[in-house]
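Enquirer: Dropping a prediction and its sequence here:
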Amino acid sequence: MVKVDRDAAVSGISSFGLMRAAGHAVAASALRHYPEATRFVCLCGLGNNGGDALIAAAALAGSGARVAVYLMGDPARFTGDAARAFAAVSIPHQPLDTYVPTIGDVVIDGLFGAGLSRAVSSDVAALMRTVTDLTLPVIAIDLPSGVDGRSGQVLGESFQAAQTVTFMTRKPGHLLLPGRTLCGVLQVINIGIPARIVTSHRASLVENTAALWHKAVQVLDPAAHKYRRGHLIVFSGAAPSSGAARMSATAGLSAGAGLVTMVAPTEALPTLAAHLTAIMLRPVDTDEMLSDLVKDTRLNAFVLGPGFGAPDRARRYVAALSDRSLVLDADGITAFRDDPQFLFAAFRGPVRLVLTPHDGEFSRLFPDLAADTALSKIDRATIAAERSNAVIILKGSDTVISEPNGRVAINANAPPWLATAGSGDVLAGIVGAHLAQGMPPFEAATSAVWRHGVAGNKAGEGMTAENLLRAIRPLPRMPSSLARP
Ligand SMILES: NC(=O)C1=CN([C@@H]2O[C@H](COP(=O)(O)OP(=O)(O)OC[C@H]3O[C@@H](n4cnc5c(N)ncnc54)[C@H](O)[C@@H]3O)[C@@H](O)[C@H]2O)[C@@H](O)CC1
Ligand SMILES: Nc1ncnc2c1ncn2[C@@H]1O[C@H](COP(=O)(O)OP(=O)(O)O)[C@@H](O)[C@H]1O
Ligand SMILES: [K+]
């Protein structure tokens with residue numbers, strides 16, 4: 001946004017005009033959401049976030065509302081547009097430390113926005129806690145103060161906003177946890193910067209929507225046959241833990257792989273056969289049997305890990321699959337905890353590995369990245385993708401998907417009830433189906449995470465992973481079907 005602002009200024013757009021538009025948008029939101037407020041309390045830092053709050057205060061006062069303004073520091077230190085706003089706005093103001101939060105107040109939070117660079121001071125943190133304890137509604141300008149817009153992390157303490165009004169586009173801190181929750185309801189307001197300037201700086205970090213992958217979705221022509229839709233192989237572990245892989249396989253078939261074969265130890269076949277119908281079975285007990293299997297080049301993609309157990313065997317099988325498209329999940333990831341470099345070295349060259357770790361599994365392959373609290377989830381996924389030469393799906397409610405050349409997507413459509421046993425197995429199967437259909441790994445992964453979220457919303461709260469399987473829907477092939485649930 002700093003670059004966007006700079007280009008907007010170069011193209012002749014008045015930066016003070018943008019601040020005025022921002023402040024008016026905040027005032028409009030305050031009046032719309034809290035017509036019953038006893039008073040609006042505008043808390044102003046000394047940066048442009050405070051400038052926005054001063055404009056909002058003037059607009060609210062101009063509309064007849066009762067307004068109080070508290071400044072964090074000496075107003076002589078205002079510079080640039082914020083100084084101009086201070087000069088233009090003639091509202092009485094008081095020092096921030098004299099503010100006594102009172103029931104009936106609606107707080108307009110203009111302390112810090114994009115410029116937050118260190119933990120908030122202890123007095124500000126104490127004020128934030130008092131406002132939270134009194135459950136006063138907070139309208140955050142750009143970001144709840146205390147939330148780092150780059151990472152979504154809280155620096156010291158933050159407001160819990162009821163509403164957040166941001167400008168032009170969402171930033172990572174609006175989508176990543178805990179920032180996303182602290183924003184409350186997010187409004188993105190166009191303050192008049194041309195879209196071409198915003199998109200020219202979008203760089204490689206985007207929200208995961210159909211725009212990212214719709215062109216890679218397989219189009220079924222009337223002459224399609226099952227082999228054209230891809231043949232997916234899912235590895236099963238021993239019989240008692242074969243449910244996870246069955247869910248991956250069923251998800252793969254529902255997600256559109258033309259054929260799915262489960263490969264399993266002979267002892268597990270009766271159990272699998274009792275549960276499966278459309279999915280084929282093939283016994284593999286030894287490395288020789290596996291090398292026979294993988295001679296078939298029509299097998300387009302493999303999923304290994306859910307319920308697999310057997311770390312030694314997992315490592316040998318993965319080595320035998322290193323020139324194929326592979327989704328490595330769960331036990332398949334954990335199998336490499338003592339020697340992640342072996343895995344990464346095996347998959348050099350064109351990207352063909354998709355890793356689907358939750359945080360725990362991530363820390364087994366990338367312990368240094370997991371331990372580094374200075375890294376955001378985006379940083380961790382990006383470095384991990386470069387290091388492993390794999391597409392990384394770093395799961396959670398704010399799943400981040402990254403690829404080795406630096407593209408990163410943040411997913412935002414997942415409902416919290418996806419946190420249920422087996423839901424990750426379903427995701428692995430969907431990714432496998434997309435790879436089997438020939439989607440490039442990053443597109444296969446991003447579209448699978450999105451589709452998993454749509455299925456979760458469709459299945460609804462209280463769903464189990466079985467319900468999720470039945471809620472898998474076709475992928476949109478047009479960017480116009482972007483609408484998020
Ligand atoms: N295109 C846009 O997005 C626009 C953004 N505007 C506003 O401009 C804001 C960014 O303005 P600034 O860059 O001035 O940044 P801020 O207003 O967020 O704060 C910056 C100041 O606070 C200081 N600071 C940082 N962390 C601190 C801490 N923990 N304790 C005490 N002081 C701290 C910084 O040194 C800096 O002086 C946005 O968040 C938004 O509200 C608007 O004015 C209009 C246009
Ligand atoms: N709070 C949450 N909100 C939304 N999605 C979640 C949440 N917690 C987990 N998920 C998603 O649910 C899935 C869980 O996968 P995983 O942890 O591997 O579980 P399992 O091994 O039981 O299948 C992942 O896709 C993850 O992104
Ligand atoms: K703020």
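Expert: It's in. Numbering: from 1, shown residues only. Ligands and ions are numbered 1, 2, ... in the order given.
Enquirer: Going by C-alpha atoms from here, please, whenever you check contacts or count neighbours.
Expert: Noted.
Enquirer: Which pLDDT does the model give the closest residue to ligand 2 within the stretch 101-250 of the chain?
Expert: With Cα to the nearest ligand atom, the shortest gap between the stretch 101-250 of the chain and ligand 2 falls at residue 244, namely 7.6 Å. Listed pLDDT for residue 244 reads 98.
Enquirer: which element is it on?
Expert: Element membership for residue 244, per DSSP states H and E: helix 243-254.
Enquirer: tell me the secondary structure for the residue of the stretch 351-485 of the chain found nearest ligand 1?
Expert: At 15.8 Å from ligand 1, residue 374 is the closest residue in the stretch 351-485 of the chain, using Cα to the nearest ligand atom. Secondary structure assignment for residue 374 (DSSP: H, G, I helix; E, B strand; the rest coil): coil.
Enquirer: How about residue 370?
Expert: At residue 370 the chain is in helix, as set by three-state DSSP.
Enquirer: Let me know whether it touches residue 361 as I believe.
Expert: No: the pair residue 370 / residue 361 is not scored as a contact, 10.0 Å apart, by Cα atoms under 8 Å.
Enquirer: Quick one: residues in contact with the helix holding residue 244.
Expert: 232-237, 259-262, 272, 276, 279, 303, 305-308, 422, 425-433, 465-466, 469-470, 472 (Cα atoms under 8 Å, 6 or more residues apart in numbering).
Enquirer: burial of the residue of the stretch 351-485 of the chain closest to ligand 1, as a residue count?
Expert: By other Cα atoms under 10 Å, 11 other residues sit near residue 374.
Enquirer: now do the one 10 residues further on
Expert: By other Cα under 10 Å, the residues close to residue 384 number 24.
Enquirer: Now do the same contact list for it.
Expert: With Cα under 8 Å, 6+ apart, residue 384 has these contacts: 366, 369, 392.
Enquirer: And residue 338, by the same measure?
Expert: Applying Cα under 8 Å, 6+ apart, no residues qualify as near residue 338.
Enquirer: does it count as helix, strand or coil?
Expert: Going by three-state DSSP: residue 338 is coil.
Enquirer: Just give the number of residues close to the residue of the stretch 101-250 of the chain closest to ligand 2.
Expert: 23.
Enquirer: what about the stretch 101-250 of the chain, any weak spots by pLDDT?
Expert: Within the stretch 101-250 of the chain, no stretch has pLDDT under 70.
Enquirer: show me where it has strands.
Expert: Ranges of strands within the stretch 101-250 of the chain are 105-110, 138-141, 163-167, 185-189, 205-207, 231-235, based on DSSP state E, counting those that start in this stretch.
Enquirer: what's the closest of those to residue 84?
Expert: Comparing the strands of the stretch 101-250 of the chain by their distance to residue 84 (Cα to Cα), the top pick is strand 105-110, with 15.9 Å.
Enquirer: Could you give the number of residues near residue 237?
Expert: 24.
Enquirer: Sorry, wrong one. I was asking about residue 249.
Expert: Residue 249: 33 neighbours (other Cα under 10 Å).
Enquirer: got the contact list for the residue lying closest to residue 259 once chain neighbours are set aside?
Expert: Nearest residue to residue 259 in three dimensions, chain neighbours excluded: residue 231, at 4.7 Å (Cα to Cα, 6 or more residues apart in numbering). For residue 231, the contacting residues are 257, 258, 259, 260, 261, 298, 299, 300, 301, 436, 437, by Cα under 8 Å, 6+ apart.
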